[in-house]
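> Got a sequence here, can you model it:
(chains A and B)
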Amino acid sequence: MTPTAAPAPTKSARPGRPTPSLARLRDPAWYQEYGVYGAVAVVLLFNAVFTDHFMTADNFRTQLVQVAPIVIVALGMALVIGTEGVDLSVGSTMALAAAFLPLYLGYGLVPALVVSLLAGAVVGAVNGSLVSLVGLQPIVATLALFVGGRGLALVMADGQLKQIVNPDLLSLGTGSFLGIPPVVLIAGILAVAVAFLVRRTTFGRQIVAVGGNRSAAALAGLPVKRVLIGVYVICGVLAALAGILATARLTASDPSSLGTLMELSAITAVVVGGTPLNGGSVRVLGTVAGALLMQLLRATLVKHDLPDSTAQIAQAAIIIAAVYVARERRSR
Amino acid sequence: MAPPEAVPQAPERVAHAAPAVLEARSVSKRFPGVVALDDVSFSLRAGETHALVGENGAGKSTLIKVLTGVYRPDGGELRLAGAPVGFARPSEAQQSGISTIYQEVNLVPLMSVARNIFLGREPRNRFGLIDFPRMHRETSGLLDGFGVRVDPRRPLHTLGIGTQQMVALARAVSVDAQVVIMDEPTSSLEPREVETLFRVIEELRGQGIAVLYVSHRMDELYRICDRVTVLRDGRHIHTGDLAGLDRMQLVSMMLGRDVAEVRRAGVTNFAAEGHEAARTPVLTATGLNSRLQLHDISLSLYGGEVLGLGGLLGSGRSETAKALSGALPLDSGELTVDGTPLKRLTPAAAIRAGISLLPEDRKAEGIVPGLSVRENIVLAAMPRLSRAGVVSRARQDRIVDIFMKRLRIKASSPEQKVGELSGGNQQKVLLARWLCLEPKVLLLDEPTRGIDVGAKAEVQSLIDDLAREGLAVLLISSDIEELIEGADRIVVLRGGAVAGELAGEDVAEDRLLEVLADHAPAPGDKAPAAEEDHR
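Numbers count the residues shown, from 1 in each chain, chains lettered A, B, ... in the order given. Here you go, the predicted structure:
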């Protein structure tokens, strides 16, 4: 055997000028940015071939309705993570918003919604102040309201589940607009709005700059504290909105269990969507796709009669893959 | 103008010389889109101090990382004492006797000095536990040799950066090294510490240890190095004795430019004549006080002049610049811009008043590495380039285009990430960030540190131009030549207080050194204990 030049001219690319498509496939950064879309496509393709009644409007409707609250929370989470932070209190914020709803529904739907969203804003403002003014680490700062928020929600609701009978609120959960469930519509609109915020507004670009290098941003005269508080407020309001929508679908306010483990689902969606945990970048569309991927994966496994525990293991594998790809990129 | 590829009289690979300890043969290293090293060969002899020079992006760092096992070469081989070796990871290179001191201190800040020095090879007592008394004793003995006297139990991060560098050096030398690689070791050292470093290098030479010395400072190279290797654009350009090599020739090899051209340009790129300063100051600072950092600093900056801020490491130069830009919390003091006192001292307020600061630490306080060149340039100007909070790409592109051309920023496009650029181009991006705000006062903290010769010259002539256009410039530089040639007037700091001012004829090296040396430490000298300790 003579080790002469193998007939693989594309692989033995000239130094520094490998063929673009091949280079991309070898570049981990490419996977971090676009891998999630590929994975969604693969899962859909798999189901189209192997799962009965998956590619139907009804099924998609169900999947989208289920994923919408996660998407809404994850959008806020993506912004927070973009500033090198994390918000653990989103699940408790959902519960708090749900607890406020029945208390103020007597004054009408709009006052109740306003109060609930305001509760989310207050939680966000507290988180943001702890992070930016007091200087606590985000994971510690938001841990306080992760624990305390749900406690407060239970106090507000007397620890009881309350039926919701307001028809307007219920229609948010079960109605449909142009054939699309309102929850899905709202999530879609918010995704577009947040994408616009991140890409085209001064505030959005400042979020990314603060996350990318906080002291540089401060020296450049950016309102770092205001940006941080703003980000946590947005995250809190979005979580409250998700809490309202989930309550509407549930037809009951259940502060003891609503939104539990939501923070993990949201963080997962953000990370799987390609947003690095060390800040400086927010991938909105990726986050939506990340949430969708986890949802479809779970649905696929359930439809094939695999137990939920298997779904959890599969999710873990996806998370590890996402984190692995991100790690490769950093160490380069 | 064909770049001179090599100098004719270069005595390459002299037969009678000492044997090669470490050798790289036809080493290549590629990254996606870049050839960082292209067929580079060079050898390091026992007992020599070998300079490795080149502009940023020449491949110095990559070569060092290949030699120390951080990267594996794509082609070629390494030979240690004649035998081929391959390092899978840095620890293998270390075990083979290759020690490295990086530009930024690579130690564990929260651990004690002694634990840092003995990290991974702690002495054990008979119970197999760490023998702390012995470790502390040996650390003290070792550091004494470097003129550093600190408590070995102190956490490393409580020491000055120069002292930390000495600890790193002590660690590198104490591990039975055959080869010590030093990457810009003097960039954060005081002159006194530099002398200690040179003494240590002499001792290493005596012990037959090879030193690979990377530095941008020509004086140092000529003082302590025997031979030099020049890299440019990832290729080996020249290896030879330093003694017979003319300084200009060396620079021209690094730049790939004509000797005559370099000679015409001078050592620094400042114009010989000074500037015409305005009569009334643009910026006046009165009685700036910040506990333990600044003591009653007052100074005035005039439009059209370059005011140099002199002083040794830790004298409060950077703190003063920060205070002038509203970034340092003050206990008392006032800033007046064009006769109007600033009400609030924040970076945002200072920027609005027309004061811009180019910070010392480009990586930590300057660039946002993940953002594009465009976004880094417009970072501070974003609100001005937006309508109702929505950014205007057209306006941004216009500004960015102007400044990329004016400062000759080399990037594949405005959308390239700043983190991928060379140090010189990153610095130009930061200058653009401030210049696009059209400031009245520009505070430059070490604007040419760690950037290549070409970019350095460009930045220097830019500073000249800006002063000529009427800007008030404050220049901080550890490079004495740069300070003397660049500044019209120099305020010298010591221990966080003004120690003297030089103007006109007095702006000269000997006068500056006099002021630096004459003054005893100010009473409230803030120099941390560690710096007083070693003498």
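> For the rest of this, base every contact and every neighbour count on C-alpha atoms.
Will do.
> Check the burial of residue A:40 by counting its neighbours.
20 (other Cα atoms under 10 Å in any protein chain shown).
> Not counting its neighbours along the chain, what's nearest it?
Closest residue to residue A:40 apart from its sequence neighbours, by Cα to Cα, 6 or more residues apart in numbering or on different chains: residue A:293 at 5.3 Å.
> isn't there a helix covering that neighbour?
Yes. Assessed with DSSP: H, G, I helix; E, B strand; the rest coil, residue A:293 lies in a helix.
> Wait, it touches residue A:41, no?
No. Shown here, residue A:293 and residue A:41 do not form a contact pair, counting by Cα atoms under 8 Å, at 9.0 Å.
> The residue nearest to residue B:24 when sequence neighbours are not counted in helix, strand or coil?
Distances taken as Cα to Cα, 6+ apart put residue B:78 closest to residue B:24, at 4.6 Å, once the chain neighbours are dropped. Here residue B:78 is strand, with the state taken from three-state DSSP.
> Relative to residue B:326, how far out is residue B:335?
9 Å (Cα to Cα, to the nearest Å).
> Kindly report the same for residue B:407.
27 Å.
> Would you mind telling me which of these two has more residues around it?
residue B:326 (25 against 17).
> number of nearby residues for residue A:312?
Residue A:312 has 15 nearby residues by other Cα under 10 Å.
> swap in the one 10 residues further on?
Using other Cα under 10 Å, residue A:322 has 22 neighbouring residues.
> Wait, it touches residue A:275, no?
No. With contacts counted by Cα under 8 Å, residue A:322 stays clear of residue A:275, the gap being 9.7 Å.
> how near is the nearest residue to residue B:194 once chain neighbours are set aside to residue B:109?
Of all residues not flanking residue B:194 in the chain, residue B:186 sits nearest, at 6.2 Å (Cα to Cα, 6+ apart). Applying Cα to Cα, the value for residue B:186 to residue B:109 is 20 Å.
> who's more crowded, these two?
residue B:186 (22 against 15).
> Show the model's pLDDT score for that one.
Listed pLDDT for residue B:186 reads 78.
> pretty sure it belongs to a helix, no?
No. Judged by three-state DSSP, residue B:186 forms no part of a helix; its state is coil.
> is it true that residue A:94 lies in a helix?
Yes. Using three-state DSSP, the assignment for residue A:94 is a helix.
> quick one: what helix or strand has the nearest residue to it once chain neighbours are set aside in it?
Leaving aside its chain neighbours, residue A:94 sits nearest to residue A:243 (3.9 Å; criterion: Cα to Cα, 6+ apart). With elements taken from DSSP states H and E, the one containing residue A:243 is helix A:224-250.
> next structured bit after that helix?
Counting by DSSP H and E, what follows helix A:224-250 is strand A:252-253.
> what mean pLDDT does that next one have?
Here the average pLDDT along strand A:252-253 is 88.
> low-scoring stretches of the chain, by residue?
Assuming you mean chain A. Chain A contains residues with pLDDT under 70 at A:1-29, A:327-332.
> To clarify, I was referring to chain B.
Checking chain B against pLDDT under 70 turns up B:1-17, B:32-33, B:56-57, B:103-105, B:187-188, B:257-269, B:272-274, B:276-278, B:312-314, B:517-535.
> tell me the secondary structure for residue B:315?
Residue B:315 ends up coil, using three-state DSSP.
> related to what we said a few turns ago, if you count surrounding residues, which of residue A:293 and residue A:41 has more?
residue A:293 (27 against 13).
> For residue A:37, see how far away the more buried one is.
Relative to residue A:37, and taking Cα to Cα, residue A:293 is found at 8 Å.
> One more: residue B:224?
57 Å.
> Get me the contact residues on the stretch 101-250 of chain A for chain B.
The stretch 101-250 of chain A comes close to chain B at residues A:200-203, A:206, A:209, A:212-223, as judged by Cα under 8 Å from any Cα of the partner chain.
> Go again with 10 Å.
Within the stretch 101-250 of chain A, the positions near chain B by Cα under 10 Å from any Cα of the partner chain are A:196-197, A:199-206, A:208-223.
> can you pull the contacts of residue B:71?
B:29, B:62-65, B:87-90 (Cα atoms under 10 Å, 6 or more residues apart in numbering or on different chains).
> Please, which helix or strand holds it?
Applying DSSP H and E, one finds residue B:71 in no helix or strand.
> about what we covered before: overlap in contacts of residue B:335 and residue B:326?
In contact with both residue B:335 and residue B:326: B:342, B:344-345, B:350, using Cα under 10 Å, 6+ apart.
> Tell me which entries of those residues lie within helices.
residue B:350 (DSSP state H).
> In CSV, list the shared contacts of residue B:335 and residue B:326 along with distance to residue A:88 and neighbour count.
Formatted as CSV, the shared contacts of residue B:335 and residue B:326 follow (distance: Cα to Cα, whole Å; neighbours: other Cα atoms under 10 Å in any protein chain shown):
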residue, distance to residue A:88, neighbour count
B:342, 40, 15
B:344, 35, 12
B:345, 35, 19
B:350, 36, 24
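> Could you point out the member of the shared contacts of residue B:335 and residue B:326 that lies closest to residue B:125?
Set against residue B:125, the nearest of the shared contacts of residue B:335 and residue B:326 by Cα to Cα is residue B:345 (55.8 Å).
> Where does the stretch 51-200 of chain A get nearest to chain B, residue-wise?
residue A:200 (5.5 Å; Cα to the nearest Cα).
> how about that residue, what does it touch?
A:194, B:386, B:389-393.
> Could you list every helix and strand that the strand or helix carrying residue A:117 packs against?
Per DSSP H and E: residue A:117 is located in helix A:109-129. When contacts are defined as 3 or more Cα pairs under 10 Å, 6 or more residues apart in numbering or on different chains; DSSP states H and E, helix A:109-129 sits against helix A:90-104, helix A:138-156, helix A:167-174, helix A:224-250.
> Just the buried residues of the helix or strand that the shortest one is followed by, please?
Using DSSP H and E, the next helix or strand after helix A:167-174 towards the C-terminus is helix A:182-200. Going by neighbour count (16 or more other Cα atoms under 10 Å in any protein chain shown), the buried part of helix A:182-200 is A:182-188, A:190-191, A:194-195, A:197-200.
> now swap in stretch A:158-166 and tell me
For stretch A:158-166, by 16+ other Cα under 10 Å, it's A:162, A:164.
> One more: stretch B:79-99?
So, applying 16+ other Cα under 10 Å, buried residues of stretch B:79-99: B:79-81, B:86-87, B:90, B:93-94, B:96-99.
> Compute the number of surrounding residues for residue A:206.
With other Cα under 10 Å as criterion, residue A:206 counts 24.
> so residue 289, which of the three states?
No chain in the question, so chain A it is. Residue A:289 ends up helix, using three-state DSSP.
> oops, chain B please
Under three-state DSSP, the three-state class of residue B:289 is strand.
> Specify the beta-bridge partners of it.
Residue B:289 has these beta-bridge partners by DSSP bridges: residue B:332.
> Around chain A, pick out the residues from the stretch 351-500 of chain B.
So the stretch 351-500 of chain B meets chain A at B:351-352, B:356-359, B:361-371, B:375-376, B:378-393, B:430, B:433-434 (Cα under 10 Å from any Cα).
> sorry, back to before: identify the contacts common to residue A:322 and residue A:275.
Common neighbours of residue A:322 and residue A:275, counting by Cα under 10 Å, 6+ apart, are residue A:32.
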